[in-house]
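Asker: Provide a 3D model corresponding to the input given below.
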Amino acid sequence: QVQLVESGGELVETGASLRLSCVYSGGSNFESYAMGWFRQAPGKEREFVATIDWTGDSTYYGDSVKGRFTISRDNAKNTVYLQMSGLKPEDTAVYYCAADRTPAIREADFRYWGQGVQVTVST
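Answerer: Prediction:
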């Protein structure tokens, strides 16, 4: 059974940097899963942030974070990261890690989800 556990969320000021981590555990090798990050702000729908393929060679970002956020993975540690820089108040949201067999950008295409971690960016 796949489990995803996010960490690293906190309250930061505008312009700060922050790195989120998501640790995978389950019966299959971590390398067999593509990973994604999504976020959901209060009163809004869940939004695609970034996705990465099995080896980390291919990544894709949502327009709102492109150039500021970087997704990466360490398959030896069963972990995917989201490095966030130049944070803005509009980045405030619960951030979710997700996994499935192929890279995707739609929420419906990811089978497994973490519980989410809060990121708050103050003005």
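
Asker: Quickly find the element holding the spatially most central residue of the chain.
Answerer: What sits nearest the mean C-alpha location of the chain, by CA atoms, centre = their mean, is W37, with 2.6 Å. Here W37 sits within strand 34-40, counting by DSSP states H and E.

Asker: follow-up on the earlier one: look up how far T14 lies from the residue nearest to the centre of the chain.
Answerer: 20 Å (CB to CB, to the nearest Å). (Each C-beta comes from the backbone N, C-alpha and C, glycine too.)

Asker: any idea where the helices of the protein begin and end?
Answerer: Here the chain has no helices by DSSP state H.

Asker: For it, which segments count as strands?
Answerer: 3-7, 11-13, 18-25, 34-40, 47-52, 59-61, 69-74, 79-84, 93-100, 112-113, 117-122 (DSSP state E).

Asker: if you compare the ones you listed, which one is most tucked away?
Answerer: Most buried of those, by mean neighbour count (mean count of other CB atoms under 10 Å): strand 34-40, with a mean of 24.
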